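S.K.: Generate coordinates for the sequence data below:
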Amino acid sequence: MSFEKKLEKDEKLMKRGVLWIVFGLMVILGLTWVIQGNDFFLYKVFAPKYEAARRETFEQSKAYNQGTIQELQRMRFEYVKAAPEQKAALASVILHQVADFDENRLPPNLKDFINQLKRERETAK
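M.R.: Sure, this is the predicted structure:
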């Protein structure tokens, strides 16, 4: 075999090898894109359920309950100190704060205060 024919054969093999490498990279990129897209669609389906479970766990935590009770007690103190014109706004904020909270977790004095605010709101209507 002549040197030129061997050189031509080597060039063909090199071109074929380069094409296979490029093709392999394209396949890998395509598979990566499909897998990532699949992860996105799975996230889209399962994320709301996952977040709902996280929120429920958070709302049942001791830190959340104690923090909410402390915040409500601070707001109660502000309500007692407030001028009569400010009390309606503060009552609205307090009732909004306690709306999503399990009132059975409140201490009795705070529960009575919340019930008093609800009664005052009903009589004002």
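S.K.: Excluding residues flanking it in the chain, which one is nearest E120?
M.R.: Leaving aside its sequence neighbours, E120 sits nearest to A91 (Cβ to Cβ, 6 or more residues apart in numbering; 6.8 Å). (Glycine included, C-beta is placed from N, CA and C.)
S.K.: Tell me how many other residues crowd that neighbour.
M.R.: A91 has 20 neighbours, counted by other Cβ atoms under 10 Å.
S.K.: The chain should start at 58 in everything you say after this.
M.R.: Sure thing, new numbering starts at 58, so read that last one as A148.
S.K.: Can you tell me what sits against the helix or strand harbouring it?
M.R.: Here A148, judged by DSSP states H and E, is contained in helix 141-155. Residues from elsewhere that reach helix 141-155 (Cβ atoms under 8 Å, 6 or more residues apart in numbering): 125, 128-129, 132-133, 135-136, 139, 163, 171, 174-175, 177-178, 181.
S.K.: Could you check the pLDDT of the residue sitting nearest the centre point of the chain?
M.R.: The residue lying closest to the centre of the chain (Cα atoms, centre = their mean) is E108, at 5.5 Å. For E108, the pLDDT comes out at 90.
S.K.: Can you name the next helix or strand after the one helix or strand it maps to?
M.R.: Assigned by DSSP H and E, E108 belongs to helix 60-116. Downstream of helix 60-116, the next assigned helix or strand under DSSP H and E is helix 119-138.
S.K.: Would you mind listing where the protein has pLDDT under the threshold?
M.R.: By pLDDT under 70, the low-scoring segments of the chain are 58, 182.
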